[in-house]
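Undergrad: could you look at this predicted model? Sequence included:
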Amino acid sequence: MLSFTQVSHHFGTRTLFRELTLSLPESRVVLTGANGSGKTTLLLIAAGILPPSQGAVSFNQQNVADIAMRRTIGISASKVNLPGFFTVNDMLAFHARQFNCEPDCHWADYHWVNAFGLTPFLNTRVEDLSLGNYKKLSLILALMHSPELLLLDEPTNGLDDQTRSALEDCFESYAGQLIIASHEPQVFACNSHVRHLHLDASGVHDR
Ligand SMILES: Nc1ncnc2c1ncn2[C@@H]1O[C@H](COP(=O)(O)OP(=O)(O)OP(=O)(O)O)[C@@H](O)[C@H]1O
């Protein structure tokens with residue numbers, strides 16, 4: 001369960017969240033909100049990548065900022081930059097080594113590389129990828145270490161039909177907690193048991 005306790009965050013004079021206290025026991029959550037309302041920022045805070053100005057975030061009672069939590073959480077967000085000089089192959093291998101989850105096959109045979117149609121780009125440098133292929137790589141890196149908490153920022157945006165369909169299957173079968181920030185409230189094909197949250201200047205509300 002993801003929990004925010006008295007979380008406030010501001011950039012300069014702009015306050016995005018003020019004393020946000022929220023528990024999310026649901027396994028599927030969609031977060032909507034206007035451009036600039038703070039969805040990505042909230043995901044970065046939930047991933048332990050961005051320390052909040054005040055307050056704490058925990059997943060299953062452990063602070064998400066603890067280094068031991070890195071393996072428990074996966075995030076795909078455009079603001080999480082990947083090193084441009086790596087090839088896709090190098091990036092996958094680097095992540096696998098870092099998280100000790102090297103698959104038992106060549107990357108060309110790796111399930112998500114195939115499912116997302118990334119095989120032709122294994123030798124392409126990350127900085128030369130198209131936006132859609134960059135997003136595919138970012139999603140694979142979020143999924144590869146089988147995290148218990150998966151945070152996805154606009155995961156379906158700009159993806160081709162093959163990848164959208166593979167991603168929908170992933171959403172269906174994923175065993176952990178999945179939190180998606182999206183402008184598409186219907187991002188889950190099956191909408192039952194999905195908690196819908198909306199973020200605006202007054203905070204996070206159920207809708
Ligand atoms: N590092 C930063 N420094 C200063 N301001 C920032 C920083 N990151 C985000 N912001 C500002 O915080 C606000 C929220 O940004 P955020 O990216 O979280 O919004 P969002 O809801 O994800 O938007 P979108 O739907 O457009 O992706 C924006 O006004 C943005 O300009």
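TA: All right, it came through fine. Residues are numbered from 1 along each chain as shown.
Undergrad: from here on, just use CA atoms for contacts and neighbour counts.
TA: Fine.
Undergrad: from Gly55, how far out is the residue in the chain sticking out farthest from the centre?
TA: Distance from the C-alpha centroid of the chain, by Cα atoms, centre = their mean, peaks at Thr13 (27.1 Å). Here the criterion is Cα to Cα, to the nearest Å. By it, Thr13 lies 18 Å from Gly55.
Undergrad: grab the nearest non-local neighbour of Thr124.
TA: Excluding its sequence neighbours, the residue lying closest to Thr124 (Cα to Cα, 6 or more residues apart in numbering) is Thr87, at 5.2 Å.
Undergrad: could you do Asn63 as well?
TA: Val57 (5.9 Å).
Undergrad: and that neighbour, what does it touch?
TA: Leu2, Ser3, Phe4, Thr5, Val7, Ile45, Ala46, Gly48, Asn63, Val64, Ala65 (Cα atoms under 8 Å, 6 or more residues apart in numbering).
Undergrad: most neighbours among these, which one?
TA: In terms of neighbours by other Cα atoms under 10 Å, these top out with Ala46 at 27 neighbours.
Undergrad: specify the beta-bridge partners of the residue nearest to Asn63.
TA: Phe4 (DSSP bridges).
Undergrad: and if you look at Ile180?
TA: Applying DSSP bridges, one finds that Ile180 bridges with Val30, Leu152.
Undergrad: show me what contacts it?
TA: Val29, Val30, Leu31, Leu151, Leu152, Asp153, Glu154, Pro155.
Undergrad: quick check: residues of this protein near the ligand?
TA: Phe11, Gly33, Ala34, Asn35, Gly36, Ser37, Gly38, Lys39, Thr40, Thr41 (Cα under 6 Å from any ligand atom).
Undergrad: restricted to helices, list the residues you listed.
TA: When those are checked against helices (DSSP state H), the matches are Lys39, Thr40, Thr41.
Undergrad: over to the nearest residue to Thr5 once chain neighbours are set aside: give its phi and psi.
TA: In space, Thr5 comes closest to Thr21 once its chain neighbours are excluded; the distance is 4.5 Å by Cα to Cα, 6+ apart. Main-chain dihedrals, Thr21, degrees, to the nearest 10: phi -120, psi 120.
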